[in-house]
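> Here is my input; please provide its structure:
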Amino acid sequence: MTSPTGEIYRIDWLPGTDVLHGTCHCGAEHSAEDPIEMWEWMLGHPEGHTPRDRNVADVPNGPRDPNVPQGNGS
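Numbers count the residues shown, from 1 in each chain. All right, here's what the predicted structure looks like:
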């Protein structure tokens, strides 16, 4: 018997769609309609995996650089 690795892979189905959303043990996320594509992506770790920075809030335009002035300059 093999011992558990502690690696958790998660695939969720988005209700009302044909979309699967996967989260790798490294934190990277991927969406696909094809279950085979999803598992190939999962098991292909680390190729194609860019872990999400869990310290950055999800904002529409991405993270803001605190060193760059914000606003329209007026």
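> Report the contact partners of Arg10.
22-23 (C-beta atoms under 8 Å, 6 or more residues apart in numbering). Every residue, glycine included, has its C-beta placed from N, CA and C.
> Repeat the analysis, applying 6 Å as the threshold.
Listed by C-beta atoms under 6 Å, 6 or more residues apart in numbering, the contact set of Arg10 reads Thr23.
> for His21, same thing?
By C-beta under 6 Å, 6+ apart, the residues touching His21 are 12, 14, 31.
> that's a strand at it, yeah?
Yes - counting by DSSP: H, G, I helix; E, B strand; the rest coil, His21 is part of a strand.
> Could you confirm Trp39 falls within a strand?
No - using three-state DSSP, the assignment for Trp39 is helix, not a strand.
> Retrieve the pLDDT associated with it.
Per-residue confidence (pLDDT) for Trp39: 89.
> State the distance from it to His30.
Distance, Trp39 to His30, by C-beta to C-beta, to the nearest Å: 11 Å.
> Just among the contacts of His21, which is most surrounded?
Ser31 (14 neighbours; other C-beta atoms under 10 Å).
> Neighbours of Gly22, how many?
19.
> Can you verify my assumption that it contacts Ala32?
No - counting by C-beta atoms under 6 Å, Gly22 stays clear of Ala32, with 7.5 Å between them.
> Residues that sit against both of these two, list them.
With C-beta under 6 Å, 6+ apart as the test, Gly22 and Ala32 both reach Met38.
> any idea how far the residue lying closest to Thr50 once chain neighbours are set aside lies from Tyr9?
Residue nearest to Thr50 in three dimensions, not counting chain neighbours: Ala28, with 5.7 Å by C-beta to C-beta, 6 or more residues apart in numbering. Per C-beta to C-beta, Ala28 is found 11 Å from Tyr9.
> Just the pLDDT for Pro66.
50.
> what about the strands in this structure?
10-13, 20-23, 29-32 (DSSP state E).
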